[in-house]
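A.B. asks: have a look; sequence and predicted model below, questions after that.
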2 protein chains.
Amino acid sequence: MNIIKNLDSPSIFIGKQGNGIISFGSGQPDLPPPKEAIEGIDIRHDLRYGLIQGEVVLREALSKEYPTSTADNFVITNGASEALDLIFRAIGKGKVLLPKPYYYSYPPIIKLAGMEPVFLDLKEGRIDLSDFNKKVKDCKAVLINSPSNPTGRVEAIETLKEIESLTRKMNIYIISDEVYKDLIYERENYHIKGEHVITVNSFSKTYAMCGVRVGYLWSSDQSIVNKTIAIKTHTSMNTNLVAQDMALGAMNAPKEYIINQKKIWRQRRDSIYHGLCELGLDLWKPEGAFYVLPKVKKPKELVWKLYNDFKVITYLGEWFGAPDRIRLSYALDQNEIEEGLSRIKQALKEL
Amino acid sequence: MNIIKNLDSPSIFIGKQGNGIISFGSGQPDLPPPKEAIEGIDIRHDLRYGLIQGEVVLREALSKEYPTSTADNFVITNGASEALDLIFRAIGKGKVLLPKPYYYSYPPIIKLAGMEPVFLDLKEGRIDLSDFNKKVKDCKAVLINSPSNPTGRVEAIETLKEIESLTRKMNIYIISDEVYKDLIYERENYHIKGEHVITVNSFSKTYAMCGVRVGYLWSSDQSIVNKTIAIKTHTSMNTNLVAQDMALGAMNAPKEYIINQKKIWRQRRDSIYHGLCELGLDLWKPEGAFYVLPKVKKPKELVWKLYNDFKVITYLGEWFGAPDRIRLSYALDQNEIEEGLSRIKQALKEL
């Protein structure tokens, strides 16, 4: 195993596995996708260009999950990443308010589109409405991510409704990244509504098919939908047709698939949360997604030591705007979580 | 059939087919992809995130087609469109010199990235080097598309070598969009070389799989490769893994597949070129790709009349920067080409 030399970005850990390494790094389900995803591939599919907006059958299937929607409200994209990129490019110049800590791609995507990120302070890992009220005024858009990567927190429904109503009055867009909507341990997802709302979603986490890259955006604001289609016409055209077959296939999986997944995630959540509490770490209890973001004393030294001396991968909180913390994904099985925790215990002692 | 009301963009013709319509519109092969593409799908493929740069096996296979290259020189993208989008975003501000008429997505992609298009005049449908010399000086990049959509022309190897050498001296990037490289009727493709060259390519046209959206960029300038990977990490992540399986599968098709395709395209080219000449139209002889761009007297009236009265789809040259012309794709079978030509003859008479 090579000693790592710097800690610039998560990419330093890419491809590091096997050899007894335990990785709390990568943010993706380790469980298999439903067999319906593969079965969904139509080998007689006409492989000429599809509609830029996405296949009608897939958008119609999705519209059943969004009350009062039609296929026209959706654009199928190369994962949630492309949906976000298209949305910010469609909105254009201005400020975007988002919570910090944040998913590490948010600030670059916002800046690449020529917009400027403005950061919200959190209280107990959740949005602080008084800070929100102060900062929202000169923003063009607000980016919400509940459940959140990297905090694992879920916003209170009251907070979301308050934000919904405030931004509606001020004519500010809400971009609601709900890719972890099917991984909430405490309640059902609350779908933020309104003419000014753009929801971003994905098949990646719900159906464990990150590498297939199918996501989508939803909005009842037809002008935003049309602008994103106009941009996608030039920047990538239709999303892969075979991937869309797989997404539609995955939607045919029995409800138990998602219920069983959530059960496994909750067990792992309990295990890592209690384990880290027992080690005396200060952390927020994850309510959704599959991340914990504990405070630690010397984050860089710890992440470095964990990898080089204990073969444990963790991510620096700094990459997510939380320099006094480290991020652990619990997308690995129970035995590995326990073995990883015992190595972390040892590393903390030695530090 | 609905009467069309305006002629803003090619999208007005999307989904218009059947009912005796003959379409010279869409720029994509009508022939089927090789069976090896579908056979390439590995149903046991791990569907977790792949490398942003693309699967190593696919990049290694491609490197055999590019002398002195390795897998490191490639980034696999969602079609050539995403490759172009990433490249211009990576280069950043400045002017891009490109021939006019142009593929209609070029100016929007360039502007979306914050760059400015500057247009080259053509001589007999090919680059005029004296105009090139005049305009290249204050440009950051040059975009070449040979064979060209929409002109069907192929640049002389001497012209390409001259551009290669001039831009090398001036430290200007060449972005060479070679998606029609396997559809040249007159000679082999000439792959522009040099440290300052970025080649864009695709599986779409060569293997008739446009809807699968697999393209790539190639460069021996590692800093450009790394910048595009860094952007793609945030804007779309890895290109769909199943699509990459299919691309690798397609590369295993016997050489005859491409040879046979080219034979068919050449027959069609001869048929439409002679047919349009017989109608007295002024046009350049296509040397590659599958487009003709004849001059016509009243382009808007003709395109409109052809569609509404004769059920024939053609594209306005205006969309490609050629307002005195119309574009016809000959990606349809011989009988349809002949029937289409006889309808065009009638329409021209009536106009």
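C.D. replies: Thanks, I have the structure now.

A.B. asks: show me where the stretch 201-350 of chain A has strands.
C.D. replies: Secondary structure of the stretch 201-350 of chain A by DSSP state E, counting those that start in this stretch: the strands cover A:215-219, A:291-292, A:312-313, A:315-316, A:326-329.

A.B. asks: adding mean pLDDT and distance to chain B, write those out as a markdown table.
C.D. replies: Quick note: C-beta positions are derived from backbone N, CA and C, even for glycine. Conversion of the strands of the stretch 201-350 of chain A to a markdown table gives the following (pLDDT from 0 to 100; distance: least, C-beta to the nearest C-beta, whole Å):
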| stretch | mean pLDDT | distance to chain B |
| --- | --- | --- |
| strand A:215-219 | 98 | 10 |
| strand A:291-292 | 98 | 16 |
| strand A:312-313 | 96 | 15 |
| strand A:315-316 | 96 | 14 |
| strand A:326-329 | 98 | 12 |
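
A.B. asks: can I get those in CSV including mean neighbour count?
C.D. replies: Formatted as CSV, the strands of the stretch 201-350 of chain A follow (neighbours: other C-beta atoms under 10 Å in any protein chain shown):
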stretch, mean neighbour count
strand A:215-219, 24
strand A:291-292, 26
strand A:312-313, 24
strand A:315-316, 25
strand A:326-329, 27
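
A.B. asks: looking at these, spot the one closest to B:S204.
C.D. replies: Comparing the strands of the stretch 201-350 of chain A by their distance to B:S204 (C-beta to C-beta), the top pick is strand A:215-219, with 22.0 Å.

A.B. asks: counting contacts, what elements does that closest one pack onto?
C.D. replies: helix A:56-63, strand A:74-77, helix A:79-91, strand A:197-202, helix A:222-235 (3 or more C-beta pairs under 8 Å, 6 or more residues apart in numbering or on different chains; DSSP states H and E).

A.B. asks: contacting residues around stretch A:302-318?
C.D. replies: Identification of contacts with stretch A:302-318 by C-beta atoms under 8 Å, 6 or more residues apart in numbering or on different chains yields A:1, A:3-4, A:7, A:10, A:13, A:16, A:19-25, A:101, A:150, A:293, A:296, A:299-300, A:323-329, A:340, A:343-344, A:346-348, A:350-351.

A.B. asks: out of everything not next to it in sequence, what's closest to A:Y66?
C.D. replies: A:W218 (5.9 Å; C-beta to C-beta, 6 or more residues apart in numbering or on different chains).

A.B. asks: now do the contacts for the one you found.
C.D. replies: A:L62, A:Y66, A:S69, A:N73, A:F74, A:I198, A:T199, A:N201.

A.B. asks: how is chain A carved up into domains?
C.D. replies: Following automatic domain parsing, one gets these domains for chain A: A:11-32+A:255-350, A:50-251.

A.B. asks: count the neighbours of the nearest residue to A:N171 once chain neighbours are set aside for me.
C.D. replies: Among residues not flanking A:N171 along the chain, A:H196 sits closest, at 6.6 Å (C-beta to C-beta, 6+ apart). Neighbour count of A:H196, defined by other C-beta atoms under 10 Å in any protein chain shown: 22.

A.B. asks: what sits against A:H196?
C.D. replies: By C-beta under 8 Å, 6+ apart, the contact set of A:H196 is A:T167, A:R168, A:N171, A:I172, A:Y173, A:I174, A:D221.

A.B. asks: what's the burial count for the closest residue to chain B within the stretch 251-351 of chain A?
C.D. replies: Scanning the stretch 251-351 of chain A for proximity to chain B using C-beta to the nearest C-beta identifies A:A331 as nearest, at 9.4 Å. By other C-beta under 10 Å, the residues close to A:A331 number 24.

A.B. asks: and the contacts of stretch A:343-351?
C.D. replies: Contacts for stretch A:343-351 (C-beta under 8 Å, 6+ apart): A:22, A:276, A:279, A:296-298, A:301-302, A:305-306, A:309-312, A:314.

A.B. asks: ok, 6 Å please
C.D. replies: For stretch A:343-351, contacts defined as C-beta atoms under 6 Å, 6 or more residues apart in numbering or on different chains pick out A:L279, A:K305, A:L306, A:F310, A:V312.

A.B. asks: before we move on, what about stretch A:38-46?
C.D. replies: With C-beta under 6 Å, 6+ apart, stretch A:38-46 has contacts from A:L241, A:V242, A:D245, A:M246, A:L248, A:G249, B:I38, B:I43.

A.B. asks: the fifth one: how many residues sit nearby?
C.D. replies: What it means is A:L248. By the criterion of other C-beta under 10 Å, A:L248 has 22 neighbours.

A.B. asks: and it, what does it touch?
C.D. replies: By C-beta under 6 Å, 6+ apart, the contact set of A:L248 is A:G40, A:L58, A:A61.

A.B. asks: just the pLDDT for the first one.
C.D. replies: So the one you mean is A:G40. We have a pLDDT of 94 for A:G40.

A.B. asks: over to the second one?
C.D. replies: For A:L58, the pLDDT comes out at 98.

A.B. asks: and the last one, by the same measure?
C.D. replies: Confidence per residue is given as pLDDT, and for A:A61 that number is 98.

A.B. asks: any idea how far the residue nearest to A:N171 lies from A:S220?
C.D. replies: For A:H196, the distance to A:S220 equals 9 Å [C-beta to C-beta, to the nearest Å].

A.B. asks: do A:E278 as well
C.D. replies: Separation of A:E278 from A:S220 (C-beta to C-beta): 47 Å.

A.B. asks: tell me which of those two has more neighbours.
C.D. replies: More crowded of A:E278 and A:S220, by other C-beta under 10 Å: A:S220, with 19 against 10.

A.B. asks: just the ones of the contacts of stretch A:302-318 in helices?
C.D. replies: A:P299, A:K300, A:G340, A:R343, A:I344, A:Q346, A:A347, A:L348, A:E350 (DSSP state H).

A.B. asks: can you mark which positions in the helix ranked longest in chain A are buried?
C.D. replies: With residue count as the measure and DSSP H as the assignment, chain A has helix A:255-278 as its longest helix. By neighbour count on 16 or more other C-beta atoms under 10 Å in any protein chain shown, the buried set for helix A:255-278 is A:Y257, A:Q261, A:K262, A:W265, A:R268, A:R269, A:I272, A:Y273, A:G275, A:L276.

A.B. asks: could those be laid out in JSON lines, adding pLDDT?
C.D. replies: Below are these laid out as JSON lines (pLDDT from 0 to 100):
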{"residue": "A:Y257", "pLDDT": "95"}
{"residue": "A:Q261", "pLDDT": "92"}
{"residue": "A:K262", "pLDDT": "92"}
{"residue": "A:W265", "pLDDT": "95"}
{"residue": "A:R268", "pLDDT": "97"}
{"residue": "A:R269", "pLDDT": "97"}
{"residue": "A:I272", "pLDDT": "98"}
{"residue": "A:Y273", "pLDDT": "98"}
{"residue": "A:G275", "pLDDT": "98"}
{"residue": "A:L276", "pLDDT": "98"}
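
A.B. asks: would you mind giving the residues you listed as JSON lines with distance to chain B added?
C.D. replies: JSON lines is the format used below for these (distance: C-beta to the nearest C-beta, whole Å):
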{"residue": "A:Y257", "distance to chain B": "14"}
{"residue": "A:Q261", "distance to chain B": "14"}
{"residue": "A:K262", "distance to chain B": "19"}
{"residue": "A:W265", "distance to chain B": "16"}
{"residue": "A:R268", "distance to chain B": "17"}
{"residue": "A:R269", "distance to chain B": "20"}
{"residue": "A:I272", "distance to chain B": "20"}
{"residue": "A:Y273", "distance to chain B": "24"}
{"residue": "A:G275", "distance to chain B": "24"}
{"residue": "A:L276", "distance to chain B": "25"}
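
A.B. asks: for these, which one is nearest A:E124?
C.D. replies: Minimum distance to A:E124 across those is 14.8 Å, recorded for A:Y273 (C-beta to C-beta).

A.B. asks: contacting residues around the closest one?
C.D. replies: For A:Y273, the contact set (C-beta under 6 Å, 6+ apart) comprises A:K285.

A.B. asks: and A:F24, by the same measure?
C.D. replies: A:T314, A:L328, A:S329.
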